[in-house]
Structures are given as C-alpha cells and as structure tokens.
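Novice: I need the structure of the sequence given here:
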Amino acid sequence: MTDARDGTAATDAADPEGTAPPARRRLPLLVAVAVFVVAVDLATKIAIVATMVDGERIPLLFGDTVSLVLVRNPGAAFSFATGMTWLLTLVAVAVVIGIARFARRMRSRGWAIALGLVLGGALGNLVDRFFRGPGPLQGHVVDFVSVGWWPVFNAADSAICLGGALLVGLALWGIEIDGSRSGRDPVGPAGAGDGAQRSSTGGEGR
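Specialist: So this is what the prediction gives:
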C-alpha cells in the first residue's frame, strides 16, 4: 500500500522550492479573446465604411444622443492626441509586444481576458494605422459610435477601456498575473501539504 506521505515527498522532491505553477497557462484564452475583438472591430469598420460617407450621421436612440457617424481619426482612442499619429502607432506596437512578453507567465483567467481585450483593441486600431490612408503608420482609424458629448469611438476603443478597467479591478483584488493573490506567504517545503491543498482548490486560476 502506498502511503500518502510518499506522494507528498515525491512532490517536494520534484519541486523543493514550492514553485509549481498554480494553474495551467492561459495563452489560448488570451488569443481567443484578442481574435474575437479584432474580428468584431474589423467587421464593423468594413460595414460602416461600405455603407456611410464621412460625416454622415444615423440616429439610433434618444433622438441623436446615440448615433452612428463615420469619422476618420488620426489620434488615439476617443479622438485624443490627433496630431501624434506616428507616436501613437509606435506606442500601440509596444503595447502588443509587452502583452506578448507578459503572456508567457500568465496563468490567471481574469488577466487573460483583460489582456486579450487590450491586445485585440490595440491590434484592431493598428490595422487601420498600417493599411488605411494616408499611408503606413499614419493611417486614420475609423470611428463610428457617437454617444452624447463623448468623442466618437469604435469597438477596439471599447475593448481597450473594458480590458483596462478589468486590469484595475484585478489589481485592487490583489490577483497576480500568475493566478496567485498578493500578500500570501509563499509555500515552502514546510508547507508543502498546505500548498498541495491550495493547488487542488485554486488550480484553475482566477
């Protein structure tokens, strides 16, 4: 008969520092969210450009409080920094590279969704920067949703804001990118049994 302590000892031998990852990697979830955001963003932009002319407004709700209006935006999300197209393109590229680097150690479901939203939004607007006029790295982003006094925006902008808000929430809740909670004592050899129990209950990540 195998003693349960033998399993614990084997776990300690394989991972003497208690550093086993708390959950499987979440890269596929991040990629799926990002691809979905890019697909929705591109589809809506293509439809708007094909059916509307620049400046045209189509009221949707509450008169024209919520409406569709085609705007070519050389600036950042919500039409900010309109004179800095080159710089904004480089910043977006840096964001994509940074998320790709973070993704290697990401095991939190929440972080995967949040970063996937930000990544998808950044990529969606980058497509416009590279492939729309007036030229590569200077392309104007297609915006089309107008809500009251708020600047016109698109699906990519919404995804970036939603992902950013989720990241703030995760930080406030103390959830780290690896799925652990900040402030908890690390699990060492003396607490291997407790660590194994926590792994079994929290192994799916947050």
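Novice: Quick check: the nearest residue in space to residue 35 that is not next to it in sequence vs residue 92, distance?
Specialist: Closest residue to residue 35 apart from its sequence neighbours, by Cβ to Cβ, 6 or more residues apart in numbering: residue 120 at 7.1 Å. Glycine gets a C-beta too; all of them are placed from N, C-alpha and C. Computed as Cβ to Cβ, to the nearest Å, the residue 120 to residue 92 distance reads 12 Å.
Novice: And these two? Which one has more around it.
Specialist: The neighbour count for residue 120 versus residue 92, taken as other Cβ atoms under 10 Å, is higher for residue 120 (27 against 19).
Novice: which SSE is the more buried one in?
Specialist: Using DSSP states H and E, residue 120 maps to helix 109-131.
Novice: Give the other helices and strands that that helix contacts.
Specialist: In terms of contacts (3 or more Cβ pairs under 8 Å, 6 or more residues apart in numbering; DSSP states H and E), helix 109-131 is packed against helix 27-51, helix 85-102, strand 141-147, helix 155-173.
Novice: Is there a neighbour count for residue 44? I'd like the number.
Specialist: Neighbour count for residue 44, taken as other Cβ under 10 Å: 18.
Novice: cool, and residue 180?
Specialist: Residue 180 has 21 nearby residues by other Cβ under 10 Å.
Novice: Return the backbone torsion pair for it.
Specialist: Dihedral angles of residue 180 (phi, psi; degrees, to the nearest 10) stand at phi -80, psi 170.
Novice: Against residue 72, how distant is it?
Specialist: Separation of residue 180 from residue 72 (Cβ to Cβ) stands at 44 Å.
Novice: So which residue is dead centre in this protein?
Specialist: Centroid-nearest residue in the chain, with Cα atoms, centre = their mean: residue 115, separated by 2.3 Å.
Novice: can you pull the contacts of it?
Specialist: With contacts defined as Cβ atoms under 8 Å, 6 or more residues apart in numbering, the neighbours of residue 115 are 30, 99, 102, 103, 106, 163, 167.
Novice: quick one: the fourth one and residue 30 touch, right?
Specialist: Yes - counting by Cβ atoms under 8 Å, residue 103 touches residue 30, with 5.7 Å between them.
Novice: if I pick residue 64, what's in contact with it?
Specialist: Residues in contact with residue 64, defined by Cβ under 8 Å, 6+ apart, are 57, 146.
Novice: Look up the pLDDT of it for me, please.
Specialist: pLDDT for residue 64: 81.
Novice: secondary structure class for it?
Specialist: Under DSSP: H, G, I helix; E, B strand; the rest coil, the three-state class of residue 64 is coil.
Novice: How about the one 5 residues further on?
Specialist: Counting by three-state DSSP, the backbone at residue 69 sits in strand.
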